[in-house]
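*Asks:* Have a look at this prediction, sequence included:
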Amino acid sequence: MMLDGLFMFWQQPAVQFLFWTLLYIVLTSVGVMLSVAYLTYAERKVIGWMQLRHGPTRVGPFGLLQPIADMLKAFLKEPVTPTAASGSVFWLAPLLILVPALAAWAVIPFDEGVVLADINLGVLYLLAMSSLGVYGILMAGWAANSKYPFLGAVRSAAQMVSYEVSMGLTVLSVIVIAGTMNLSEIVRSQQDMWYIIPCFPMFVVFVISILAETNRPPFDLPEAEAELVAGYHAEYSGMAFALFMLAEYASMILLSALTAILFLGGWLAPFGWAPLEAVPGYVWLALKTAAILFIFLWTRATLPRYRYDQLMRLGWKVFLPLSLLWLVLTALVVKVLG
């Protein structure tokens, strides 16, 4: 009798929809967390090779269990609240940075039809989610009630706002060509030609902008250890500190996937060859995302940090006029060619 009741309950469309939605969310979140863990491993290995070192080798075969060991170490450390800190805001800040970085994955299409929310304003939603993280950073800097975290938070807010403008204009150029804000439709519109070919300058601007947006070298001014100890998370320890790192790497993967979708054809196979099209679409998306992530690691290993005035000048005096001019030219070309 009980089994019959459960079966009838399962037969309801609302229950099935809720179950599959929750399963998709859990699988995506676990996948992102595992990707973050092994992105830290890949970063240490790649930078090690570039500097003629081995990188992690001790924990597990080839050091493959090092991210798990790091996570356990962070999890088991005592969380310390500074005496002068605003307790509730201080502990809420890491979550406010991490949650938008995970929520943004709802509109990312992994393959044809494989997306949680295939909404028409997917690009707008993604940009909104990526910009929400700045509130968490400001809260972390302010709540610590210390000079260095506050300076790091102010720097980060100014930097992210500056580069979001050029990011938005760059994305607008793609939207003008595709004629839609739906990410799945943008991928489908690249069947004949990926947008990296007609919009190569904007691809370069976008990749550099996402480096600045995620506070990665050479634009890691908010956490410049030479002058700010560790920036906005200087007062954090244990799992709260790990959440900041988790959010940073999750944002890196998210924006790399967005770059692959906007400019590299998303899940589409290159060249349109039949043997390549036999490979599942999510594999192509993962490979393209990994290629963009390699640029993050490469720049960290090779480029020195920018000065703050150089960073702002690049954003406002170079990228903003260039992306605005390209948007106008793109609109004119699309209008003329009809």
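*Replies:* Perfect, I can see it now. Numbers count the residues shown, from 1 in each chain.
*Asks:* What distance do you get for the nearest residue to Gly281 once chain neighbours are set aside to Gly31?
*Replies:* Nearest non-adjacent residue to Gly281, counting by C-beta to C-beta, 6 or more residues apart in numbering: Trp267, 3.0 Å away. C-beta here means a position set from N, CA and C on the backbone, and glycine is covered the same way. Distance from Trp267 to Gly31, counting by C-beta to C-beta, to the nearest Å: 15 Å.
*Asks:* Compare neighbour counts for the two and give me the winner.
*Replies:* Per other C-beta atoms under 10 Å, whichever of Trp267 and Gly31 has more neighbours is Trp267, with 23 against 13.
*Asks:* That one: what secondary structure?
*Replies:* Under DSSP: H, G, I helix; E, B strand; the rest coil, Trp267 falls in the coil class.
*Asks:* Just to check, the residue nearest to Gly281 is in contact with Ile108?
*Replies:* No. Using C-beta atoms under 8 Å, Trp267 makes no contact with Ile108, being 10.5 Å away.
*Asks:* so who does the most centrally placed residue in the chain touch?
*Replies:* Nearest to the geometric centre of the chain sits Ser251, at 2.4 Å (C-alpha atoms, centre = their mean). For Ser251, the contact set (C-beta atoms under 8 Å, 6 or more residues apart in numbering) comprises Ala101, Ser130, Gly133, Glu213, Thr214.
*Asks:* how about 6 Å then?
*Replies:* Neighbour list for Ser251: Ala101, Thr214 [criterion: C-beta atoms under 6 Å, 6 or more residues apart in numbering].
*Asks:* Could you check how far it is from Phe244?
*Replies:* The spacing between Ser251 and Phe244, counted by C-beta to C-beta, is 11 Å.
*Asks:* Would you map out the domains in the protein?
*Replies:* Using automatic domain parsing, the domain ranges for the chain come out as 13-76, 86-337.
*Asks:* Can you check the distance spanned by the shortest one, start to finish?
*Replies:* So the one you mean is domain 13-76. Length of domain 13-76, first residue to last, C-alpha to C-alpha, to the nearest Å: 42 Å.
*Asks:* starting at the chain centroid, how far to it?
*Replies:* 15 Å (C-alpha atoms, centre = their mean, to the nearest Å).
*Asks:* Kindly format the C-alpha coordinates of stretch 274-284 as PDB.
*Replies:* The C-alpha atoms that make up stretch 274-284 are tabulated as PDB, following Å, rounded to 0.1, in the frame of the first residue of the first chain:
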ATOM      1  CA  ALA A 274      32.000  14.100 -39.200                       C
ATOM      2  CA  PRO A 275      34.600  12.100 -37.100                       C
ATOM      3  CA  LEU A 276      35.000  15.100 -34.700                       C
ATOM      4  CA  GLU A 277      31.200  15.600 -34.400                       C
ATOM      5  CA  ALA A 278      31.000  12.000 -33.100                       C
ATOM      6  CA  VAL A 279      32.700  13.300 -29.900                       C
ATOM      7  CA  PRO A 280      30.000  14.400 -27.300                       C
ATOM      8  CA  GLY A 281      29.400  18.200 -27.200                       C
ATOM      9  CA  TYR A 282      30.200  18.500 -23.500                       C
ATOM     10  CA  VAL A 283      33.700  17.100 -24.200                       C
ATOM     11  CA  TRP A 284      34.400  19.900 -26.700                       C
END
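*Asks:* Show residues contacting that stretch.
*Replies:* With C-beta under 6 Å, 6+ apart as the test, stretch 274-284 has contacts from Phe110, Asp111, Trp267, Ala269.
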